[in-house]
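> Sharing a model that was predicted from the sequence below.
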Amino acid sequence: MILGLVKGHVVSSAKVDALEGEKLLIVEILAATPEGLQPTQKHLVCIDGVQAGEGELVVVVQGSSARQAPGMEQMPVDALIIGIVDSLQAFGRPLEKQVA
């Protein structure tokens, strides 16, 4: 699983039929460090499975894990947002949801 920050959305007027009606979001992968969450400058285009929005901290799965989610079995998906983070703890303490 990947921790990420929703940075924006993708609009695609031409796509395979299976993706019709699916919201695509740009997510920056984050690194959890003792100093807090750090941006990595690496991004993914993800299908939004939980109605996430820009600026939200999310959990992303890739590959076969993404296709195991309900309704995704026949979807050409490699990255799927499966959760919106309410709080997190690492290195023995709570981490702020704010990205440094």
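Received it, and whenever you're ready, just let me know what you need. Numbers count the residues shown, from 1 in each chain.

> Buried residues, the longest strand belonging to the chain. List them.
In the chain, taking DSSP state E as the definition, the longest strand is strand 36-48. Residues Gly36, Leu37, Leu44, Cys46, Ile47, Asp48 are the ones in strand 36-48 that count as buried (16 or more other C-beta atoms under 10 Å). (Glycine included, C-beta is placed from N, CA and C.)

> what's the closest non-adjacent residue to Ile85?
Actually, residue 85 is Val. It isn't Ile. Nearest residue to Val85, sequence neighbours excluded (C-beta to C-beta, 6 or more residues apart in numbering): Leu57, at 4.1 Å.

> so where's this structure shaky on pLDDT?
Applying pLDDT under 70 to the chain picks out residues 100.

> Next, the distance between the ends of stretch 39-55.
End-to-end distance of stretch 39-55: 13 Å, with C-alpha to C-alpha, to the nearest Å as the criterion.

> Residues touching stretch 82-91, excluding its own?
With C-beta atoms under 8 Å, 6 or more residues apart in numbering as the contact definition, stretch 82-91 has outside contacts at 1, 3, 32, 34, 49-50, 52, 56-61, 69, 94-95, 97.

> wait, what's in contact with Gln41?
Contact analysis of Gln41 by C-beta under 8 Å, 6+ apart lists Glu28.

> For Glu22, see how far away Ser64 is.
Relative to Glu22, Ser64 is positioned 18 Å away (C-beta to C-beta, to the nearest Å).

> Check Val61 too.
Val61 is 15 Å from Glu22, by C-beta to C-beta.

> same thing with Gly83?
17 Å.

> likewise Gln68?
Going from Gln68 to Glu22 by C-beta to C-beta gives 17 Å.
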